[in-house]
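# predicted coordinates and the sequence they were generated for:
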Amino acid sequence: MLIASLQGFVGNFFLLCNFTNRIRYIIALPVTIIMWYIATAILIALTISMELYVPPIRPQQSYTQGYVYAIIAACMYMIAAMLLMVNMLGFFLGHYPQHFALTESQRTLILQTMLFFIWLAGGAAVFSKVESSYGRGVQDWSYVNSLYFCDVTILTVGFGDLYPTSDAGRGLVFPFSVGGIIMLGLMVSSISKFAGELGSEKIIRRHVERSRTRTFGRTVTSSLELEHRQTLHNGERPIISAPFPMQLQEDRQKTIKIADDPDEVKKNRRAGTGLQSLRRVMTMTSQVRTRKPKLILLREEKDHFDAMRHIQHDTTRFKHWYALLMSMIAFGVLWCAGAMVFWLCERYVQGMTYFQALYFCYVSLLTIGYGDLAPQSNAGRPFFVLWSLIAVPTMTILVSDLGETVINKFKHGTNGLADFTILPKEGVWHGVVDRLPAIATMLRWVQRKTQEHEAKKRLEEGFPAGPDPEEPAAMTLDELATDEPTRDELARRLPIAIRKTADDMKHDVRKRYSYEEWVEFTKLIRFSAKKEEDKETDDDEDEGLVDWDWIGEDSPMMSKDSEAKFVLDRLCESLNRYLKQVIASNSIPLERARKVLPASGLDDIGEALARAPTAEDDEFMVDDVGPRNETAMGRVQELGAQQRGVRI
């Protein structure tokens, strides 16, 4: 047993060195696999030999808890070694890199797990020694029983079947329980975060890609394409190869002729023949319209944007409910399978039935711990230690997923009910009133009159009326479409946008910008790509669009980074391009500019341009009005002042 423990320790040491990049993958992983397989072979050989040569005399005798722990350790060593072999096979086949790219949360989880098990094993040794020496009860405080006691204490289950009787043991419960519960909470939090990363990286991104591809495949951009795809979807031939029936063609031609001739229109209006023919044509057309497939007609860029936002919303909802489903499945398997094992272990010791085992597992999973049922057999207690350490993170993840879905829905429903009943919220009846046009019109008239009266009163008292002129109002989509700012105006907006996105990235990483904000950002990104005299004024440029499709593979919403980070990177690139253009347009040598341009900010850049070589320098060009660096200095200093929020 000691040799097997030593082999397992060596394997864990090499694996940890590989995680910290101390030993190469190609060396550490084979050593770990070999050590764990050797430990597995030793433990299996010992347990089988005992069963063959010195079996217990049943039912008076049974295997000790150490024997059961040996079986559990052999199984876990074998499973872990097999998983590492799969990883190494993937490395040889080119599917995995030759190193484990651990994130910060994964490294923290490894450290927290090691400290937790050291705390658990060390506490068991201390309680075993203290209670064996100073305890006044008749309880067996062997190391394995002390390990079971420490596990029940840290998990706050507290069955009461094993408890300290000495004052020293009771005093040690205070620091041990507090430290253990804190370590357990940190470890469970890291496990929950790690599970969320796994779901986000693999399953969720695959769901986003499938939804995006499906939406992109159902997207058309013109009425002709929509009509053509509708025809193919209905299993019909195109109109050019499948003309109308003869009778329908005659009616259609007659209708067109009547519509073109005013005299015929007057004559047939009284007879009604033209209307009858037109009614037949409209009947045939309506039959086609009723079979319209679920195609998305994205005529404008905003439709693409809204479609991708819908995919994001649907993906977020799918992520939460999928995580809840997986957590419930894990909880169900852990509950039912654990009850089966406890029933097999305890049925001969305390006559436990399967229903009682289900009840015991449920009480343990919720950390209620009545104490009426508790594991007593030598096989039940070791399995409870393993089972409980798996069950606690599972329950924590389940409760977290319930909070994101069911509890969140219940909370919104409760708040909505309270808004209409006992805790009325201001403006809650606006949605109901808007559905009644007469009442809504009357209320708007009253509100307008009230605002006019308040504005008149403020003017009489000497206060200005209307919005604050210093506060920029949010532009609507129509205003953005007709907005044609100059290059200098966009240059003044650029530092303000950079400061705004930097604040968003600092305070609200998950912020999602509206379509109008994206239009403004894309204008600021694109204006520095061309010179002003080469700038085209087509529709895309007026709308501020960029060279990506919102539901395409290069969409900013498909980026792994947040929207604020994506926009901030592009705005900084635009600022860099603009500064280079300013320097180049004013004939400042780029090498000389790099020497004098510090990286401390736009204000320092402006001061550096002021320190640039003057007209006396041979390498610096001047024109008829003086050195050109004055204009560049003024522009950059103006950008720096705007970045600080100072008006020049």
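Sure, I can see it.
# you'd agree residue 158 is up against residue 152?
Yes. Residue 158 lies in contact with residue 152 (CB atoms under 8 Å); the separation is 6.3 Å. No exception for glycine: its C-beta is placed from N, CA and C like everyone else's.
# residues shared between the contacts of these two?
Common contacts of residue 158 and residue 152, defined by CB atoms under 8 Å, 6 or more residues apart in numbering, comprise residue 369.
# the more surrounded of these two?
Ranked by neighbour count (other CB atoms under 10 Å), residue 158 and residue 152 place residue 152 first, with 25 against 14.
# which ones are touching that one?
Shown in contact with residue 152 (CB under 8 Å, 6+ apart): 158, 159, 162, 369, 388.
# now do the SS call for the first one.
Look at residue 158: counting by DSSP: H, G, I helix; E, B strand; the rest coil, its state is coil.
# and it, what is it in contact with?
152, 369, 371.
# swap in 6 Å and give it another go.
residue 369 (CB atoms under 6 Å, 6 or more residues apart in numbering).
# ramachandran angles for it?
phi 60, psi 70 (degrees, to the nearest 10).
# pLDDT score assigned to it?
Residue 158 carries a pLDDT value of 88.
# which residues touch stretch 369-376?
Applying CB under 6 Å, 6+ apart, the external contacts of stretch 369-376 come out as 157, 158, 159, 160, 161, 349, 350, 360, 363, 381, 384.
# farthest pair within the residues you listed?
Taking CB to CB, the two most distant members of the contacts of stretch 369-376 are 158 and 349; they sit 21.0 Å apart.
# ranges for the strands of this protein?
Shown for the chain, the strands assigned by DSSP state E span residues 219-220, 296-297, 622-623, 626-627.
# let me see the mean pLDDT of stretch 383-394.
Rounded mean pLDDT across stretch 383-394 is 91.
# residues contacting that stretch, please?
Contacts of stretch 383-394 (CB under 6 Å, 6+ apart): 72, 151, 155, 188, 191, 330, 331, 334, 338, 341, 365, 375.
# and these, which are buried?
Using 16 or more other CB atoms under 10 Å as the burial test, these include 151, 155, 188, 191, 330, 331, 334, 338, 341, 365, 375 as buried.
# for the residues you listed, name the two members farthest from one another.
Distance extremes for the buried ones among the contacts of stretch 383-394: the farthest pair is 191 and 375 at 24.3 Å, using CB to CB.
# residue 564 against residue 502, yeah?
No. Contact status for residue 564 versus residue 502: not in contact, 8.0 Å apart, counting by CB atoms under 6 Å.
# of the two, which one has the most company?
It is residue 564, of residue 564 and residue 502, that has more neighbours when counted by other CB under 10 Å, with 22 against 17.
# contacting residues for the more buried one?
501, 504, 505, 511.
# between those residues, which is nearest residue 195?
Nearest to residue 195 among the contacts of residue 564: residue 511, at 25.0 Å, using CB to CB.
# what's the pLDDT at the closest one?
Listed pLDDT for residue 511 reads 83.
# do residue 581 as well
Residue 581 is assigned a predicted lDDT (pLDDT) of 85.
# kindly report the same for residue 108.
As predicted, residue 108 sits at a pLDDT of 87.
# what's the burial count for the residue lying closest to it once chain neighbours are set aside?
Counting by CB to CB, 6 or more residues apart in numbering, the nearest residue to residue 108 once its immediate chain neighbours are dropped is residue 190, at 5.6 Å. Residue 190 has 20 neighbours, counted by other CB under 10 Å.
# over to residue 41?
The number of residues near residue 41, taken as other CB under 10 Å, comes to 15.
# before we move on, what about the one 10 residues further on?
Residue 51 has 12 neighbours, counted by other CB under 10 Å.
# so where is the protein shaky, pLDDT-wise?
Flagging of the chain using pLDDT under 70 yields the residue ranges 197-204, 212, 215-300, 418-437, 439-440, 458-483, 530-549, 552-553, 587-648.
# distance of the closest residue in space to residue 177 that isn't next to it in sequence from residue 497?
Setting aside the residues directly before and after it, residue 177 is nearest to residue 153 in space (CB to CB, 6+ apart), at 5.5 Å. According to CB to CB, to the nearest Å, residue 153 and residue 497 sit 56 Å apart.
# one more: residue 376?
Noted for residue 376: a distance of 69 Å to residue 497, by CB to CB.
# between these two, which has more neighbouring residues?
Here residue 376 and residue 497 are set side by side on neighbour count (other CB under 10 Å), and the busier one is residue 497, at 21 against 13.
# rewinding a little: which of the contacts of residue 564 has the largest number of neighbours?
Neighbour count (other CB under 10 Å) singles out residue 501 as the most crowded of these, with 24 neighbours.
# what's the closest non-adjacent residue to that one?
Leaving aside its chain neighbours, residue 501 sits nearest to residue 568 (4.4 Å; criterion: CB to CB, 6+ apart).
# tell me if I'm right that the one you found and residue 503 touch.
No. Judged on CB under 6 Å, residue 568 makes no contact with residue 503 at a distance of 10.1 Å.
# comparing the two, which residue is more hemmed in?
Higher neighbour count among residue 568 and residue 503: residue 568, with 21 against 12, using other CB under 10 Å.
# residue contacts, residue 10?
Taking CB under 6 Å, 6+ apart as the criterion, residue 10 is in contact with residue 35.
# tell me how far it lies from residue 40.
Between residue 10 and residue 40 the computed distance is 14 Å (CB to CB).
# what of residue 516?
In terms of CB to CB, residue 516 sits 63 Å off from residue 40.
# settle it for me: which of these two has more neighbours?
More crowded of residue 516 and residue 40, by other CB under 10 Å: residue 40, with 23 against 16.
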